[in-house]
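Visitor: Starting from these lines, generate the structure:
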Amino acid sequence: MSRKLLLIILIPALLLIGGYLFLRISLSRTIKKEEAVSGKVETIDSLGGKEVSAADLRPLFINRMQQVLRKSSNGLYDLSIGDLELDVLASTITLKDVAVKRNERAEEALRKQNDLPENLIEASFKSLVIDGVNLDDAITSKTMDYRMVKLVNPVIHVYKGQKQPTKKSTEDFSQRFLKEMEKLSIKNLVIENGTIVAHGKASKTNRLNDVDIHMTDILLDSNTREDQQRFLFAKNATINFRNYTSQTADGLYQFKIGKGSIQSPAQKLVLQDLSFASPLSREQFMKRQKLAKELYDFRLSSISLNKVDWWMLFNGEEIVADEVMASGGKLTVYFDRSLPPRSRMGNFPNQLLAKLPFRMNIAKMRLQNLDLSYTEYSPVSKQNGTIYMDNISLDMQNISNYTKKSMVVNGSALFMHTVPIQANFNFNMTAPKTGAFTATVSSSKAFEGNLLNSFSKPLGLMELEKGTLQKLHATLKGDESQANGTVTVLYNDLKIHLLEKDKGKKALDTKDVTSFLANLFVIKNDNPKKGKAPRVETASFRRDPYGGFFMLIWKTMLVGALKTMGAPEKIAYKKPKAQ
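Guide: The predicted model follows:
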């Protein structure tokens, strides 16, 4: 959270301090005189028309706090207090039903002068309790030491003001405070059950619910005023929130966070139980689409960000962090090819990163234990095919849209639950609009070819009857238009069946004659052939504008595999039509 925002949250406590200054400097003599007066009663508006004695300094105290707030904010804020309770024996002071609101006339005047702050605040809360108040020290001492300050049920609204140019800062609150006092010390500051609502552009709001804040060892004096190791003068601060929810503008997706925790001054953000999913069923989602579009469902157990400005992230202004760690996730993707295709040009990872409307710079990111399933519906076979990637591990570097360093991604996974694969991607960020990249994909564990049938049959109309795939290695280079490279596929005893879908039938039929001829005359059943070196093929594929990044990778590798098997390359370009 920004220092400015938390200062606003602490305004009531700070105003209370200002009130004490007023008592000590301006009212110390008046107190003694008024204590000698008895029986006199007067009506004070500051307490809502309640009757008080002349010895009761609460109205003067509240009026002084209101004056301090107006003066310190250039008249921008007005303060109202329902009541103030003083317990001398317990050494506590309680403010009740407090509200800080913007003064519209002052706001407009400051806006015209271009002096409006970047963030505008409105706040209300049920009570504020200060424990450990020594009334004698409040009047005579130049130090303030409190055991605890407790704020209950605050509701804080944050609005956009005017972005101010970098300039020499004017006298801030801490400087004004230290002109009158030597020290402020608060052992514990506690905020319970708060709500923070950030109002963005176009009436967009972000809301944090169930916010709890705990700050320890707050110390403001001449030595700590500019101490960068402290967070708002506190040695340590923890901010927790729960049940965060936001929705995309089109209503197709909801983003949820079960729990969140911010630790300062370490600038660490930990989020748990994240989800990005559609509130709509698969059928409802697809009915809303005029063109083919993936349906995503993403769940993540936890993610932590180190050295991050969480308030800027929360407002969608920037995502900047030294390191991001995520684990325990599941991503499911569904794609219906019966809908008309949409252009995928401009959607490669480096292109998407460059087009983000906010600044992003993550030095390192690690994702572990993610399971992926991709399901596609084929209008030809009238069936779904699914590809599984389990236990995905990704190490990423330089995820940035304002540096020129290449974005590097190294990953591993279990293909179809059993086959280990490794991949490396290098995305050019010097000229990201081109989508330029290099990639390597490899697997060295042997597996039976029929493992591929769960998706090769419905999506490719091909069944691997038998055969063992021994090794795969591809080295590719490309951009948004095409890719090329070398592909090595080692296998033995390969036999395939070509399939077709007859009208009126649900099952796929084998093209017996075509399959027989292919296996007999076309398909090279082994690589390498006995006594010969393995065949390594060059591959090139011109991108389909309706296909994405991973389709280009897959199609280029398919060209290499087809050439290795002796099958025609045109199969990779074939676009079956629904019957």
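
Visitor: Can you point out the buried residues in the helix or strand hosting residue 556?
Guide: Element membership of residue 556 [criterion: DSSP states H and E] is helix 549-565. Residues of helix 549-565 classed as buried under the neighbour-count rule (16 or more other Cβ atoms under 10 Å) are 549, 552-565. The way it works is simple: take the backbone N, C-alpha and C, and place the C-beta from them, glycine included.

Visitor: now stretch 194-202
Guide: 194, 195, 196, 198, 199.

Visitor: Equivalent analysis for stretch 197-216, please.
Guide: So for stretch 197-216, counting by 16+ other Cβ under 10 Å, buried means 198, 199, 206, 208, 211, 213, 215.

Visitor: which residues sit against it?
Guide: Identification of contacts with stretch 197-216 by Cβ atoms under 8 Å, 6 or more residues apart in numbering yields 9, 155-160, 186-196, 231-232, 234-246, 249, 260, 314-316.

Visitor: let's see it at 7 Å
Guide: 157-160, 187-196, 232, 234-244, 246, 314-315 (Cβ atoms under 7 Å, 6 or more residues apart in numbering).

Visitor: In helices, which of those appear?
Guide: residue 314 (DSSP state H).

Visitor: Kindly give a single PyMOL line that selects the buried subset of the contacts of stretch 197-216.
Guide: Here is the PyMOL selection string for the buried members of those, based on 16+ other Cβ under 10 Å:
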select buried, resi 157+158+187+188+189+191+192+194+195+196+232+234+235+237+239+240+241+242+244+314+315
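
Visitor: what about residue 384, which helix or strand?
Guide: Counting by DSSP H and E, residue 384 is part of strand 383-400.

Visitor: next one: residue 151
Guide: Assigned by DSSP H and E, residue 151 falls in strand 143-152.

Visitor: for residue 312, same thing?
Guide: Following DSSP H and E, one finds residue 312 within helix 310-314.

Visitor: ditto for residue 162
Guide: Using DSSP H and E, no helix or strand contains residue 162.

Visitor: likewise residue 370?
Guide: strand 359-378.

Visitor: all strands for the stretch 151-300 of the chain, in order.
Guide: 155-160, 183-199, 205-220, 234-247, 254-264, 268-277, 295-306 (DSSP state E, counting those that start in this stretch).

Visitor: okay, the fifth one in PDB with CA atoms only?
Guide: I take that to be strand 254-264. The C-alpha trace of strand 254-264 is given here as PDB (Å, rounded to 0.1, in the frame of the first residue of the first chain):
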ATOM      1  CA  GLN A 254     -14.400 -13.700 -12.800                       C
ATOM      2  CA  PHE A 255     -11.100 -13.400 -11.000                       C
ATOM      3  CA  LYS A 256     -11.100 -14.400  -7.300                       C
ATOM      4  CA  ILE A 257      -8.500 -14.500  -4.500                       C
ATOM      5  CA  GLY A 258      -9.400 -16.400  -1.300                       C
ATOM      6  CA  LYS A 259      -6.700 -14.900   0.900                       C
ATOM      7  CA  GLY A 260      -4.000 -12.200   0.500                       C
ATOM      8  CA  SER A 261      -1.200 -11.100   2.700                       C
ATOM      9  CA  ILE A 262       1.200  -8.100   2.300                       C
ATOM     10  CA  GLN A 263       4.400  -7.800   4.300                       C
ATOM     11  CA  SER A 264       6.300  -4.600   4.700                       C
END
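
Visitor: Could I get the contacting residues of the residue sitting nearest the centre point of the chain?
Guide: By Cα atoms, centre = their mean, the mean C-alpha position of the chain lies nearest to residue 313, the distance being 6.6 Å. Counting by Cβ under 7 Å, 6+ apart, residue 313 makes contact with residue 319.

Visitor: now do 8 Å
Guide: With contact taken as Cβ under 8 Å, 6+ apart, residue 313 is in contact with 269, 305, 319.

Visitor: Top of those by number of neighbours, please.
Guide: Of all the contacts of residue 313, residue 305 has the most neighbours under the rule other Cβ atoms under 10 Å, reaching 24 neighbours.

Visitor: one step back: max pairwise distance over the buried residues of stretch 194-202: which two?
Guide: 194 and 199 (16.4 Å; Cβ to Cβ).

Visitor: all strands for the stretch 401-550 of the chain, in order.
Guide: 407-415, 419-427, 437-443, 447-448, 462-478, 482-500, 509-510, 536-542.

Visitor: Lowest average confidence across those strands, which one?
Guide: When these are ranked by mean pLDDT, strand 509-510 comes last with a mean of 50.
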